[in-house]
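Q: Just the structure for this:
(one chain, ligands or ions: 1)
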Amino acid sequence: MDCNEALPLMHEYLDGGLKGKEAVALKEHLLACPACRERLKQFEKVEALIQAWPKQEVPSGLTERIMQALPPEKRKNPWWQWIRRHPAASVAAVFALVMMSSFMSLWNQDTELLVKGSDLRSVVIEGDTVYVPQGKTVAGNLTVENGKLKVDGDIEGNIVVIDGSVVMASTAHISGQITEIDEAFGWLWYKMNDWASTLSHK
Ligand SMILES: [Zn+2]
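A: Residues are numbered from 1 along each chain as shown. Here you go, the predicted model:
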């Protein structure tokens, strides 16, 4: 098996649908190929990020607005064209666009610290460090981009750190998952394109 054959199998594996001979073949390739092992690791991170991302309502006319906001070269991408031809085909596809556009703005931004969460009252920001002091609780998910997260207190939710680092004291308690993302954009792009091609074949 070569890397090109391994890629779709990894995809199936992540969707939970890989069994038997194919699963063994993929496992063998992964053992022999560090590049694909790294690729799978990145994939799992993006998967986790997509799970952690808040769901958004999709207002009417949004597809058109997003289409218009895209730079011309992006509009030539077959996926966008498919969306334009089937504007009402799938709310899921529009949701993907919404998510995609948030990611694009995320990754196009410079290196400014970004903190997102539903409960930021207990969060202290010092320079590029986001600090949750001991005895304090953040009730909900916390996302930090381009900065360091230092946790001495409690977080009742998931943590996502994008292009940054996380340090936890022994007093820290995190009820959810911790996800660290670097350069996820490429993987997201692949994932979304793949998803769109699945939709267009239905
Ligand atoms: Zn490989």
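
Q: Please make it C-alpha for all contacts and neighbour counts, starting now.
A: Fine.

Q: Would you mind identifying the next helix or strand past the helix or strand hosting residue 13?
A: Residue 13 is part of helix 3-14, with elements assigned from DSSP states H and E. Next helix or strand after helix 3-14 toward the C-terminus (DSSP H and E): helix 20-32.

Q: quick one: that following helix near the ion?
A: No: applying CA under 5 Å from the ion, one finds helix 20-32 separated from the ion by no less than 6.2 Å.

Q: sorry, back to before: point out the other helices and strands that the helix holding residue 13 packs with.
A: helix 20-32, helix 34-52 (3 or more CA pairs under 8 Å, 6 or more residues apart in numbering; DSSP states H and E).

Q: Turn those into TSV, including mean neighbour count.
A: Putting the helices and strands packed on helix 3-14 into TSV (neighbours: other CA atoms under 10 Å) gives the following:
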stretch	mean neighbour count
helix 20-32	14
helix 34-52	16
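
Q: Which of those has the lowest mean pLDDT?
A: When the helices and strands packed on helix 3-14 are compared by mean pLDDT, helix 34-52 comes last with a mean of 73.

Q: what bridges to residue 165?
A: Bridge pairing for residue 165 (DSSP bridges) gives the partners residue 148.

Q: Identify the residues contacting it.
A: Going by CA atoms under 8 Å, 6 or more residues apart in numbering, residue 165 touches 147, 148, 149, 180.

Q: Looking at those residues, spot the one nearest the ion.
A: Proximity to the ion was ranked across the contacts of residue 165 by CA to the ion; first place goes to residue 180, at 23.1 Å.

Q: you'd agree that closest one is in a strand?
A: Yes: residue state for residue 180 (DSSP: H, G, I helix; E, B strand; the rest coil) corresponds to a strand.

Q: what pLDDT does it get?
A: We have a pLDDT of 73 for residue 180.

Q: Not counting residues beside it along the chain, what's closest to it?
A: Closest residue to residue 180 apart from its sequence neighbours, by CA to CA, 6 or more residues apart in numbering: residue 161 at 4.8 Å.

Q: which SSE is that neighbour in?
A: If you go by DSSP H and E, residue 161 is part of strand 159-162.
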